[in-house]
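S.K.: Pasted the sequence and its predicted model underneath.
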Amino acid sequence: MEEDLANDNMTDYGSEQDISLWPFHSSNANLTISGQDIVSSVNFLNENFELLNLAKFGPIENVKFVIVIQVHNRPTYLGYLIESLRATRGIEDALLVFSHDINVAPVNEMIRNITFARVLQIYYPYNMQLFPHVFPGQDPKDCPERVGKKAAAKMRCKNFENPDKYGNYRVAKLTQIKHHWWWKMNYVFDGIYDRYDLSDPWVLLLEEDHYLAPDALHVLDIIIQNRKTYCEKCEIISLGFYLKTFTSYGANIAKLGAHPWYSSKHNMGMAFRRQTWMKVKNCSEVSSIGFDQFACYSLEFYVGLRFDWVCDQKAWKYFSSFFCFPCRQLLSLWYFASHIQSHQIMPEFDINFYI
């Protein structure tokens, strides 16, 4: 397994420009398809993809969980995640939503062969496979990442006036991760929820290099059912945690904690409901999603802006240099201190160590 995962690194975007799987057709071979036409076509596909396994598991209106997996192009990792989902208790009561930023045959085949749960695929329409050399892809006239603002001004590269707060320039393949994340969240809560009239299930966020423990949904359900007893105001549940050591693993395996939400600690296996997302979404007008690739950092800022009356309108002044730390105190986060229900597979470790 370790060798398989070590060889399953992200490939260069230049090798992923085969768009033959996208069903764009024209009766005129000389007709140029505009960017807006491409986006409209992908949106149409998203709205009309077949929901898989409905005949086996029934309609999705009353699913207990929506599990949203952000996928790129690491089929080996994804294969292990799918096998872990197959072994998860209660998976038949979930809807699996695979959100892609690239359309490649091996990944599609793996997902369409799933038979143990309801499945839906969606595609981020502004991806670099379709827009490799124009925004939001990497324009050839864009400034090099670390060229510096003075050198960029001399070069007159396209975005020389807009470095990030560290003085670096946008790297499209990294910012796409963040753009995809925010698009995916809006599409799930504003699109899928309404289209299929879902009854407000909890949404669990995973990525293609995560691995789900067999009792993950069972434990998540127990926490949800006992929120009034444990922490009624807690709005985000996190099933994963980044352990620095394993010395206290046995002693802490059954512990449950309520904590201030820190993006770098509590972004693995997050679960929350639509009402929480709407609170975050209402702060989106202050977004600066063009540069850094970490959606969780923006989420951390939004959480603070929305939930902390101490900062309130003054929260904006913190954005350019550091986050408003008191804001973090108001949205507590559930997590298992050592009992990792979902975790990233790290090639340097034996996967059996985690299980």
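M.R.: Nice, thanks for sending it over. Everything quoted here is computed from the prediction, not taken from an experiment. Residues are numbered from 1 along each chain as shown.

S.K.: From here on, just use CA atoms for contacts and neighbour counts.
M.R.: Noted.

S.K.: Could you pull out the strands in the stretch 151-300 of the chain for me?
M.R.: Across the stretch 151-300 of the chain, reading from the start of the chain, the strands by DSSP state E, counting those that start in this stretch fall at 202-207, 210-212, 236-238, 256-260, 270-272.

S.K.: first to last residue in stretch 79-99, what's the distance?
M.R.: When the termini of stretch 79-99 are compared using Cα to Cα, to the nearest Å, they are 15 Å apart.

S.K.: On the pLDDT front, check residue 11 for me.
M.R.: Predicted confidence (pLDDT) at residue 11: the value is 51.

S.K.: What of residue 172?
M.R.: According to the model's per-residue confidence, residue 172 sits at a pLDDT of 92.

S.K.: Report the contact partners of it.
M.R.: Taking Cα atoms under 8 Å, 6 or more residues apart in numbering, we find residue 172 in contact with 128, 136-138.

S.K.: Mind picking the one among those that's closest to residue 204?
M.R.: Residue 204 has its nearest neighbour among the contacts of residue 172 in residue 128, at 25.8 Å by Cα to Cα.

S.K.: shouldn't the closest one be in contact with residue 171?
M.R.: No - contact criterion Cα atoms under 8 Å: residue 128 and residue 171 do not qualify, at 11.6 Å.

S.K.: What does the pLDDT read for residue 246?
M.R.: pLDDT, the model's per-residue confidence, is 78 for residue 246.

S.K.: Ok, the one 5 residues further on next?
M.R.: As summarised for this prediction, residue 251 has a pLDDT of 80.

S.K.: Near it, how many other residues are there?
M.R.: Residue crowding around residue 251 was assessed by other Cα atoms under 10 Å; the count is 9.

S.K.: any idea how far it lies from residue 257?
M.R.: Noted for residue 251: a distance of 14 Å to residue 257, by Cα to Cα.

S.K.: got a pLDDT number for residue 166?
M.R.: The confidence metric pLDDT takes the value 88 at residue 166.

S.K.: and it, what is it in contact with?
M.R.: Residue 166 sits in contact with no residue, where contact means Cα under 8 Å, 6+ apart.

S.K.: Put the alpha carbons of stretch 34-41 into PDB.
M.R.: Listed in PDB are the C-alpha atoms of stretch 34-41, where the atom choice follows Å, rounded to 0.1, in the frame of the first residue of the first chain:
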ATOM      1  CA  SER A  34     -16.800  30.500 -25.700                       C
ATOM      2  CA  GLY A  35     -15.900  30.200 -22.100                       C
ATOM      3  CA  GLN A  36     -19.400  31.000 -21.000                       C
ATOM      4  CA  ASP A  37     -20.700  28.200 -23.300                       C
ATOM      5  CA  ILE A  38     -18.300  25.800 -21.600                       C
ATOM      6  CA  VAL A  39     -19.500  26.800 -18.200                       C
ATOM      7  CA  SER A  40     -23.100  26.600 -19.200                       C
ATOM      8  CA  SER A  41     -22.500  23.100 -20.600                       C
END
